[in-house]
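# generate a structure from the sequence data that follows.
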Amino acid sequence: MTRQFAGTPIPDLQVKDPAGKVLDLGAQDGPVLLNLWATWCGPCVKEMPQLDALAGKLEGEVKVVTVSQDIRGAEVVEPFFAKGNYSRLEPWLDPDTALSGRFTPEGALPLTILFDATGKEVLRVAGGYDWDSPEAEALIRDSLAAS
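Numbering: from 1, shown residues only. Next comes the predicted model:
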């Protein structure tokens with residue numbers, strides 16, 4: 001967990017879901033918790049149901065955006081989402097791994113970054129974390145309040 005990149009702007013990149021719907025990361029309104037993950041990453045897979053639960057707890061406060069870094073894209077992400085039955089997360093895809101290239105050139109996943117309402121980075125968590133905990137909620141809310 002680090003704040004060394006605080007102030008870094010949210011990337012002005014677009015990601016798509018398997019149906020082709022576009023999400024413009026740079027045009028988000030309000031705080032965003034951006035999670036970079038992949039289906040082949042054990043800690044990432046463990047975090048997904050936790051992030052889905054967290055998205056429900058933070059609904060209306062923080063948008064939780066999970067973006068797959070799988071180069072096979074929808075081919076592997078769609079079945080993963082269908083099996084996980086996530087109700088609050090959307091299957092955003094970044095098969096070119098543009099986000100990983102920007103934030104974790106070494107390719108370490110999962111990587112979760114909290115951006116405040118102005119689109120500036122507040123906090124970064126590299127590696128697995130227990131997102132379905134009161135501590136996680138407090139960490140996010142306290143970090144945003146301090147930004």
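# now the strands: where do they sit in the protein?
Remark: strands assigned in the chain by DSSP state E are 14-16, 22-24, 32-37, 63-68, 92-93, 111-115, 121-126.
# so what does the fifth one touch, helix or strand wise?
Okay, so that is strand 92-93. strand 14-16, strand 63-68 (3 or more C-beta pairs under 8 Å, 6 or more residues apart in numbering; DSSP states H and E). (Each C-beta comes from the backbone N, C-alpha and C, glycine too.)
# redo the ones you listed as JSON lines? Include distance to Asp52.
Conversion of those to JSON lines gives the following (distance: least, C-beta to C-beta, whole Å):
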{"stretch": "strand 14-16", "distance to Asp52": "18"}
{"stretch": "strand 63-68", "distance to Asp52": "8"}
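# among the ones you listed, which is the most enclosed?
strand 63-68 (a mean of 24; mean count of other C-beta atoms under 10 Å).
# one step back: between the strands of the chain, which one is nearest to Gly101?
Of all these, it is strand 32-37 that lies closest to Gly101, at 10.5 Å by C-beta to C-beta.
# now for that closest one, which elements pack on it?
By 3+ C-beta pairs under 8 Å, 6+ apart, strand 32-37 packs against helix 42-57, strand 63-68, helix 98-103, strand 111-115.
# other residues contacting the first one?
Which is helix 42-57. Here helix 42-57 makes contact (C-beta atoms under 8 Å, 6 or more residues apart in numbering) with 33, 35, 37-39, 63-64, 66, 80, 84, 86-89, 109-110, 112, 127-132, 136-137.
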